[in-house]
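[1] 3D, please:
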Amino acid sequence: MLHVWGAEYSVIKLPYALLEKLFPPIQASGVPVRMMIISTLAASVLCALGLAQASKGSLGEQVFAALVIFALVVEYLPKPRVTSALRVPEFVSILKAQPRNGAVLDTVSKPFQTMYHQTVHEKPMALAFSVLSRTPRSVAMEGEEVKRLIENGDYIKLRTEYHIRYLVTDAANDLERENGPVRTMFMDSKVKLYELRPE
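    Presented below is the predicted three-dimensional model:
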């Protein structure tokens, strides 16, 4: 799929899609960017051959080869990585302090945020398959069932059958008023954190 400035254009077919049709086994590779390893290796060999020839040539070619080697050394010098601390929402800290039995279902955060939050609260995540590149059909169907239970407000089944204990929703939702086995643990202007309790 073609990506331009964050936008996806599925209508425009790229060469890799044609290759998959011409040679179906290539579908197993899945990630064409892996071929960069081979491309980089080939470029390195060609560069080494060129520098070897230049070092045997005239004085000008030897100076050029030395400048190329110097430029490569400078280019590949290590430098400190830029790091930044990501702030964790308060509901994640509250989750961290809770017992570990039961999964978290976050319907508000983006997939990469839920993965990061999980490294903090260290609890299992429900619907975590949304961040996978390949989702088995059975898992996707189970995910649809979980979404249907949320829409229908069947939180007892979520707790007893799917072992979802903590639910993060939009702040506008008021599940405690509508459902007996739901307890509000945290709320702010953006999210609410509920505990689903079996009856």
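[2] Ala126 reaches Thr114, doesn't it?
    No: between Ala126 and Thr114 there is no contact under C-beta atoms under 8 Å: 9.7 Å. Bear in mind the C-beta positions are built from the backbone N, C-alpha and C, glycine included.
[3] what about Ile150, how many neighbours?
    By other C-beta atoms under 10 Å, the residues close to Ile150 number 19.
[4] After the helix or strand harbouring it, heading C-terminal, what element do we hit next?
    If you go by DSSP states H and E, Ile150 is part of helix 137-152. Going down the chain from helix 137-152, the next helix or strand is helix 155-160, by DSSP H and E.
[5] before we move on, what SS does Leu167 have?
    Classification of Leu167 by DSSP: H, G, I helix; E, B strand; the rest coil places it in strand.
[6] do the same with Gln98
    Following three-state DSSP, we place Gln98 in the coil state.
[7] Got phi/psi on it?
    phi -90, psi 160 (degrees, to the nearest 10).
[8] neighbours of the closest residue to it other than its chain neighbours, just the number please.
    Among residues not flanking Gln98 along the chain, Tyr166 sits closest, at 7.0 Å (C-beta to C-beta, 6 or more residues apart in numbering). By the criterion of other C-beta under 10 Å, Tyr166 has 24 neighbours.
[9] could you list every residue that touches Tyr166?
    For Tyr166, the contact set (C-beta atoms under 8 Å, 6 or more residues apart in numbering) comprises Leu95, Gln98, Gly102, Ala103, Val104, Leu105, Lys123, Met185, Leu193, Tyr194, Glu195, Leu196.
[10] so what's Trp120 scoring on pLDDT?
    Small correction: residue 120 is Val, not Trp. For Val120, the model assigns a pLDDT of 90.
[11] thinking again about what came up before, would you list the contacts of Tyr166 in TSV and tack on neighbour count?
    Formatted as TSV, the contacts of Tyr166 follow (neighbours: other C-beta atoms under 10 Å):
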residue	neighbour count
Leu95	24
Gln98	16
Gly102	18
Ala103	19
Val104	24
Leu105	24
Lys123	19
Met185	15
Leu193	24
Tyr194	23
Glu195	17
Leu196	24
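[12] now, which of these lie within strands?
    Here DSSP state E is the test, and the contacts of Tyr166 give Ala103, Val104, Leu105, Met185, Leu193, Tyr194, Glu195, Leu196 as lying in strands.
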